[in-house]
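Participant: Need the 3D shape of this:
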Amino acid sequence: MANAIESIGTTPPPTRAADGPVAGDHADREKPAEEPATPSFLERRGVAFDEIARTVKRLTIRLKPSECSIWPGNARDYAALSYDRCASLIESIREEGTNREPVVVRRTPNAEQPYELIVGTRRHFSISWLHANNHSEIELVARIETLDDEGAFRLADLENREREDVTDLERARNYRHAVEAYYKGVRAQMAERLAIPKQNLHNLLQLAELPDEVVSAFAEPGDLKVRHGMRLSPLIKDERYRDAILGEAAIIAAEQKELLAAGAEKIEGSKVCE
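Facilitator: Coordinates of the predicted model:
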């Protein structure tokens with residue numbers, strides 16, 4: 001289905017009962033009519049995602065990575081990508097000569113680059129790295145979609161939600177930006193459009209609210225989890241504890257730097273939280 005993404009969070013199509021009788025349905029017509037059940041948001045999201053997955057012969061184009069700017073609404077921090085984080089993907093693309101799964105771009109007619117990358121930041125980074133390391137013949141395979149910012153956000157969220165290499169902090173900060181940028185600060189509307197529980201959204205936003213001083217106490221961004229935000233955020237909002245927590249975070253951050261410089265083991269995230 002060409003525009004499967006656009007069906008996510010929209011009104012589901014009419015059931016067959018609304019379209020009239022179909023041959024072979026005599027047994028069904030003899031039964032009492034039942035009110036058709038409205039699919040849940042999760043069911044509708046799953047159906048839409050399945051439709052996207054089945055669309056295996058969509059038209060694609062080949063681009064140079066330099067022809068794409070990176071859409072800032074994606075959860076992944078492009079600047080934090082490195083060879084080490086993308087090594088397996090880089091080697092896979094080098095061996096195959098291309099990215100097997102297309103990235104998603106949209107046209108940007110009045111911008112410096114003709115396309116903007118919506119989904120596929122690691123693939124874009126990997127091919128950019130290969131271009132800078134004697135493999136400029138490898139092109140970026142891309143699919144063009146027509147999406148507004150909110151649609152682009154939902155598509156990128158579907159792509160990244162279950163990926164382990166997108167940290168909780170990246171996703172939380174991305175959601176914090178999105179709720180203001182695309183949903184006018186209405187969290188219930190955002191949760192509905194993304195088909196996620198309101199409490200899950202609340203927990204992520206709590207993580208995004210943590211001060212930079214607290215984030216710096218964790219050796220790596222990936223060490224900071226949603227559960228840590230759930231514990232720390234309410235305490236930091238309490239004036240009785242805020243200064244003490246920030247002071248302790250500064251001490252831990254300095255200790256983490258000393259351990260890193262000495263090549264010693266870092267303080268794990270759960271211990272930092274305690």
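Participant: Any regions of the chain where pLDDT drops low?
Facilitator: Residue ranges of the chain with pLDDT under 70: 1-58, 164.
Participant: where do the helices sit along it?
Facilitator: Counting by DSSP state H, residue ranges of the helices within the chain are 26-30, 41-54, 83-96, 121-131, 149-160, 168-181, 187-194, 198-208, 212-216, 226-236, 242-262, 269-273.
Participant: Of these, which is nearest R107?
Facilitator: R107 sits nearest to helix 149-160 of all the helices of the chain, at 12.2 Å, using C-beta to C-beta. Just so you know, the C-beta spots here come from the backbone N, C-alpha and C atoms, and that holds for glycine as well.
Participant: same for the closest one, what does it pack against?
Facilitator: Counting by 3 or more C-beta pairs under 8 Å, 6 or more residues apart in numbering; DSSP states H and E, the packing neighbours recorded for helix 149-160 are strand 103-107, strand 115-119, helix 168-181, helix 187-194.
Participant: rewinding a little: show me the one of the helices of the chain that comes nearest S69.
Facilitator: helix 121-131 (10.1 Å).
Participant: Return the distance of the closest one from the chain's centre.
Facilitator: 18 Å (C-alpha atoms, centre = their mean, to the nearest Å).
Participant: now that helix against helix 149-160, angle please.
Facilitator: Per axes from the mean of the first three to the mean of the last three C-alpha atoms, to 10 degrees, the angle that helix 121-131 makes with helix 149-160 is 80 degrees.
Participant: Next, the buried residues of helix 121-131.
Facilitator: Neighbour counts using 16 or more other C-beta atoms under 10 Å place 121-131 of helix 121-131 among the buried residues.
Participant: just to revisit the earlier point, make TSV from the helices of the chain and add distance to R62 to it.
Facilitator: What follows is the helices of the chain, written out as TSV (distance: least, C-beta to C-beta, whole Å):
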stretch	distance to R62
helix 26-30	49
helix 41-54	21
helix 83-96	13
helix 121-131	11
helix 149-160	20
helix 168-181	29
helix 187-194	32
helix 198-208	36
helix 212-216	39
helix 226-236	39
helix 242-262	41
helix 269-273	41
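Participant: nearest to I61, of those?
Facilitator: Between those, helix 121-131 lies closest to I61; by C-beta to C-beta that is 14.0 Å.
Participant: quick one: contacts for R161?
Facilitator: Applying C-beta atoms under 8 Å, 6 or more residues apart in numbering to R161 gives the contacts R171.
Participant: what's the distance between R143 and K64?
Facilitator: With distances taken as C-beta to C-beta, to the nearest Å, R143 is found 16 Å from K64.
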